[in-house]
Every structure is written in C-alpha cells, then in structure tokens.
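S.K.: Give me coordinates for this.
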Amino acid sequence: MEIFKVYSDLGFTGSNLNRPALINMINDIKEKKLDLIISYKIDRLTRSPKDFYGLIELFEKYNINFISVTERFDTSTPSGRLLRNIMLTFAQFERELISERTKDKMLQRAQKGMWNGGTVAFGYKSENKKLIIDNPYSKIVQTIYEHYISGINVANISCKTNLLKSRIFTILRNPIYIGKIKYGGKLLRGNHTPIISQELFDLAQQMHKKFFKKIRLNKSFLLSGL
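M.R.: The predicted model follows:
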C-alpha cells in the first residue's frame, strides 16, 4: 500500500466540512488521486451524520473504500458498510445524550443559583467558577445606575466612565447586578452578591422604558410629516 497524503485539520472542529485538509482531500478524490481513505475514527472526518453520508456518497461515486482503524470496519464489504452505518448512528446518539446531560447539569446549576460560565459581566470577576465582585469596576456600575436615574443621559455617562454607550445600555438592562441569573429564558435567583439594589434597578428600567417610548414617539412624529 502506498500512502499518497496525510490529511490533518489541527485546531478545527469536526462539526462541519469547511476545513482546509478535508476540502483538499475531497478535491483529490474528485481528481481520482485516491482509492482508499483510512481514518482513526469516523468522527475524525465529521461528527454530522448528514455530512458523513454525503462523504460516503462521494466515496461510492469515485469507488473509494473507507477504513476506520479504531472501529474496525472496511466499506469494501457489505458487513463493513452495515457496521459503518450502525457506528455512525450510535455516535450521533452518544453525542445527543452527552448534550442532553450537559443541558440538565447546567439547568441544575442555574436552579441552585450557580453561574454557568460565559462572558463575565462588567463589575464581576470569575474565581473558581463563581462570580465575585470586582472593585473598582463594581463602583462604576453603581455610578452608572445612580447617574442614569438622576437624569444624566447615556452619552454623558459614557464620557464620564469611558465606556461605550452600547455597553452602558447593556449594564443598565442586566439583572445580574441585582443577584439574578438568566437561564433558558427564565430569571433565577443567583448565589452571587448583588452590586445594586432591586429598587435602583427598577427605577432604571422605568427610565429606560420612558426613554425608548420617547424615541418611538419622535420617530412617529417625523414620519407623519412625510
């Protein structure tokens, strides 16, 4: 057996076909440079059953045999093709099961008030997978809320805090600052320390609604003159 080429997509996920080495392999197949593909495992090619069956159709069209080393099947035989299909279906089932377990675990964590990771909100920092108040940034969050409810507009707050207006609007709308976390579209009580009071947050939401209501009215007024 002569090895024509080794295809390796280091740093790329197997969740899609848009990978340099895989694209290169497909082109070599279409140019009839190969007659056998050997992979360590099915999911080294792709983790998507739909994409894998697409590759199998390509292999069959160009008379390419496929061998999976660890799963020990060879598509040059009927039993090998059957085993391939069984292994692929089982692999998909296993991935879905892991995904479901992960979601369940994250829901349980959220119901306990635990942070599930992601981008850490301004004013907090992450320590041992927990949200901890990060001074002096938490003081800036307090200042933003206090300025906003006192009538100072977001543009001026942006100048005072050196933060983008979009970020300030995000801060003003984020319930994490009153000790809440969001998961699955629901607002749950978190076990982290709040930065602002519920009263301050509610006042900011009222101001926010009035602000955007005013913008909508102004737009309607301008359009009525057209």
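
S.K.: Tell me how this protein divides into domains.
M.R.: The record's domain parsing of the chain by automatic domain parsing lists 20-111, 124-224.

S.K.: and the last one, how far out from the chain's middle?
M.R.: When distances are taken as C-alpha atoms, centre = their mean, to the nearest Å, domain 124-224 is centred 23 Å away from the chain's centroid.

S.K.: State the mean pLDDT of that domain.
M.R.: Here domain 124-224 scores 88 as its mean pLDDT.

S.K.: Could you export the domains of the chain as JSON lines, including distance to Val6 and mean neighbour count?
M.R.: (Glycine included, C-beta is placed from N, CA and C.) Shown next, in JSON lines, are the domains of the chain (distance: least, C-beta to C-beta, whole Å; neighbours: other C-beta atoms under 10 Å):
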{"stretch": "domain 20-111", "distance to Val6": "9", "mean neighbour count": "15"}
{"stretch": "domain 124-224", "distance to Val6": "39", "mean neighbour count": "15"}
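
S.K.: Check which strands are paired with the strand or helix carrying Leu188 and give the direction for each one.
M.R.: Per DSSP states H and E: Leu188 is located in strand 186-189. Strand 186-189 sits in its sheet next to strand 180-183 (antiparallel), going by DSSP bridges.

S.K.: follow-up on the earlier one: only C-alpha atoms, please: export the strand holding Leu188 in CSV.
M.R.: Written as CSV, here are the backbone C-alpha positions of strand 186-189 (Å, rounded to 0.1, in the frame of the first residue of the first chain):
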residue,chain,number,x,y,z
LYS,A,186,-36.0,32.4,32.9
LEU,A,187,-34.8,34.7,35.6
LEU,A,188,-33.4,32.8,38.6
ARG,A,189,-32.0,33.9,42.0
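
S.K.: List of residues touching it?
M.R.: 110-111, 113, 175, 179-182 (C-beta atoms under 8 Å, 6 or more residues apart in numbering).

S.K.: try 10 Å this time
M.R.: 107, 110-114, 175-176, 178-182 (C-beta atoms under 10 Å, 6 or more residues apart in numbering).

S.K.: Repeat that for stretch 107-122.
M.R.: Residues outside stretch 107-122 that contact it (C-beta under 10 Å, 6+ apart) are 105-106, 124, 126, 129-132, 134, 137-138, 140-141, 144, 163, 167-168, 170-171, 174, 176-177, 179-184, 186, 188-192, 195.

S.K.: Ok, stretch 4-19 next?
M.R.: Contacts of stretch 4-19 (C-beta under 10 Å, 6+ apart): 20-26, 28, 33-39, 41-48, 51-52, 54-55, 95.

S.K.: Let's see that stretch as PDB, backbone CA atoms only.
M.R.: Presented in PDB, the C-alpha positions along stretch 4-19 are these (Å, rounded to 0.1, in the frame of the first residue of the first chain):
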ATOM      1  CA  PHE A   4      -0.500   9.300  -1.100                       C
ATOM      2  CA  LYS A   5      -1.100  12.000   1.500                       C
ATOM      3  CA  VAL A   6      -1.800  12.600   5.200                       C
ATOM      4  CA  TYR A   7      -4.700  15.000   5.800                       C
ATOM      5  CA  SER A   8      -4.800  16.700   9.200                       C
ATOM      6  CA  ASP A   9      -7.000  19.500  10.400                       C
ATOM      7  CA  LEU A  10      -5.400  20.500  13.600                       C
ATOM      8  CA  GLY A  11      -7.300  23.200  15.500                       C
ATOM      9  CA  PHE A  12     -10.500  22.600  13.500                       C
ATOM     10  CA  THR A  13     -13.700  21.000  14.900                       C
ATOM     11  CA  GLY A  14     -15.200  18.000  13.100                       C
ATOM     12  CA  SER A  15     -18.700  19.600  13.300                       C
ATOM     13  CA  ASN A  16     -18.600  20.900   9.700                       C
ATOM     14  CA  LEU A  17     -16.900  20.200   6.300                       C
ATOM     15  CA  ASN A  18     -15.400  23.600   5.900                       C
ATOM     16  CA  ARG A  19     -11.900  22.500   6.900                       C
END
